[in-house]
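Asks: sharing a sequence plus its predicted fold:
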Amino acid sequence: MDAELRAALTTCSTATITMQLLKRGIRATAMRGVAPLAGGQGRVVGEAYTVRFIPMREDLSAPAVLGARENPQRRAIEECPAGAILVMDGLGNSNVGTLGDILAERLRVRGVAACVTDSAVRDAEAVVATGFPVWCGGRAAPPNNTGLAMGDLQTPIGCGGVAVIPGDVMVCDGDGVAVIPKAMVESVAADAVEQERVETFVLERIRAGDAVPGTYPPNEETLSAYEIWKQGRD
């Protein structure tokens with residue numbers, strides 16, 4: 001994703017993104033039960049790099065698995081590109097952590113933009129202290145192999161009830177996480193930026209005393225006034 005597109009999406013809220021996707025007939029775009037680990041993480045945009053867990057089975061989840069070089073999660077920590085967002089399908093298991101402070105610090109050092117998981121984070125306060133942005137399904141002490149087993153890397157996954165394909169674009173902010181299908185990113189970004197501008201104008205009108213009907217959503221009269229307002233700002 002080029003810098004201009006990333007910058008445009010960084011000005012657009014997940015609320016705006018989900019509305020633009022709804023207009024395109026895409027409804028399942030906002031992750032359920034996935035929220036910022038800490039306040040003040042801002043808005044982060046990046047392409048998805050995926051890890052998939054499967055249900056725990058004892059022969060697949062021995063402690064030695066955590067140190068195995070072929071462990072997809074451990075590979076992802078070293079292979080997720082700078083600027084991308086590591087997205088982990090933890091089957092919504094909020095009783096185990098799929099990220100801790102050491103892994104979070106490594107991702108931060110490598111320039112990864114953020115991590116999203118629908119399972120929990122362990123060592124949560126230490127993760128927050130790294131300054132690495134995380135969106136997750138909660139906090140928990142146990143490691144992932146007490147409830148999950150490793151699946152694979154860079155494959156289609158489900159996270160927070162939403163399909164995520166490698167290369168899809170994630171927009172993460174205080175409301176949660178929205179997923180933009182890769183093929184729609186440019187058009188969604190353009191229309192989302194315009195929606196944000198319209199809503200800035202609408203909010204000014206509401207503050208000035210206009211009633212909601214005809215102002216939000218804007219009717220033709222309001223849109224005409226918006227065009228004049230926009231010309232004065234360009």
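Replies: Looks like it came in fine. Numbering: from 1, shown residues only.

Asks: next SSE downstream of the lengthiest helix in the chain?
Replies: Longest helix of the chain, by residue count under DSSP state H: helix 185-207. Using DSSP states H and E, the helix or strand that directly follows helix 185-207 along the chain is helix 220-233.

Asks: end-to-end on stretch 64-75?
Replies: 15 Å (CA to CA, to the nearest Å).

Asks: what packs against the helix or strand hosting Ile77?
Replies: Following DSSP H and E, one finds Ile77 within helix 72-79. Applying 3 or more CB pairs under 8 Å, 6 or more residues apart in numbering; DSSP states H and E, one finds that helix 72-79 contacts strand 44-55, strand 85-89, helix 101-110, strand 148-153. For every residue, glycine as well, the C-beta is placed using N, CA and C.

Asks: dump the ones you listed into CSV; add mean pLDDT, mean neighbour count and distance to Val162 as well.
Replies: Output for the helices and strands packed on helix 72-79, formatted as CSV (pLDDT from 0 to 100; neighbours: other CB atoms under 10 Å; distance: least, CB to CB, whole Å):
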stretch, mean pLDDT, mean neighbour count, distance to Val162
strand 44-55, 98, 22, 11
strand 85-89, 98, 28, 10
helix 101-110, 98, 18, 21
strand 148-153, 94, 20, 17
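
Asks: how about the ones you listed in JSON lines, adding distance to Gly33?
Replies: Shown next, in JSON lines, are the helices and strands packed on helix 72-79 (distance: least, CB to CB, whole Å):
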{"stretch": "strand 44-55", "distance to Gly33": "16"}
{"stretch": "strand 85-89", "distance to Gly33": "13"}
{"stretch": "helix 101-110", "distance to Gly33": "20"}
{"stretch": "strand 148-153", "distance to Gly33": "16"}
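
Asks: ok, now which ones touch the closest residue in space to Arg75 that isn't next to it in sequence?
Replies: In space, not counting the residues next to it along the chain, Arg75 is nearest to Leu153; the distance is 5.9 Å by CB to CB, 6 or more residues apart in numbering. With contact set as CB atoms under 8 Å, 6 or more residues apart in numbering, Leu153 has these partners: Thr50, Val51, Arg52, Pro72, Arg75, Ala76, Glu79.

Asks: nothing else from me, thank you.
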